[in-house]
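Undergrad: Predicted coordinates and the sequence they were generated for:
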Amino acid sequence: MFRHLRTLQQVSRRTISSSARRQLENKVPNKQKLFQEDNDLPVHLKGGLTDGLLYRLTMALTIFGSGYVVYTLFDAAMPKKKD
């Protein structure tokens with residue numbers, strides 16, 4: 001039993017330690033340059049097209065939600081007609 005565990009331990013150690021790691025490019029300096037340049041854009045829009053779309057979607061949902069809250073409160077405040 002112990003021999004099987006020892007063999008499993010050696011195989012797992014060999015697999016983990018001998019596996020080749022992928023080298024990832026460090027993107028932080030590029031992002032720092034992008035966000036620190038002075039191009040008269042607010043920081044939440046400097047990420048590009050995706051940031052602009054997310055910003056517009058968030059604003060649209062906020063305006064729609066606020067309007068719906070006002071409508072619901074107005075509807076709840078008005079007396080209902082009795083049939």
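TA: Arrived safely.

Undergrad: Show me what the helix or strand of the chain with the lowest mean pLDDT is packed against.
TA: Of all helical and strand segments in the chain, the minimum by mean pLDDT, DSSP states H and E falls on helix 2-18, at a mean of 68. Here helix 2-18 touches no other helix or strand, going by 3 or more C-beta pairs under 8 Å, 6 or more residues apart in numbering; DSSP states H and E. Glycine gets a C-beta too; all of them are placed from N, C-alpha and C.

Undergrad: Alpha carbons only: can I get it in CSV?
TA: The C-alpha coordinates for helix 2-18 follow below in CSV (Å, rounded to 0.1, in the frame of the first residue of the first chain):
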residue,chain,number,x,y,z
PHE,A,2,2.8,2.4,1.0
ARG,A,3,4.7,1.5,-2.2
HIS,A,4,1.7,2.6,-4.3
LEU,A,5,1.4,5.9,-2.6
ARG,A,6,5.1,6.5,-2.9
THR,A,7,5.0,5.8,-6.6
LEU,A,8,2.0,8.1,-7.1
GLN,A,9,3.8,10.8,-5.2
GLN,A,10,6.9,10.5,-7.4
VAL,A,11,4.8,10.6,-10.6
SER,A,12,2.8,13.6,-9.5
ARG,A,13,6.0,15.5,-8.5
ARG,A,14,7.6,14.7,-11.8
THR,A,15,4.6,15.8,-13.8
ILE,A,16,4.3,19.1,-11.9
SER,A,17,8.0,20.0,-11.8
SER,A,18,8.8,19.1,-15.3
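
Undergrad: Run the chain-centre distance for the helix or strand that comes right after that helix.
TA: In the C-terminal direction, the helix or strand that comes right after helix 2-18 (DSSP states H and E) is helix 28-36. When C-alpha coordinates are averaged (C-alpha atoms, centre = their mean, to the nearest Å), helix 28-36 and its chain have centres 19 Å apart.
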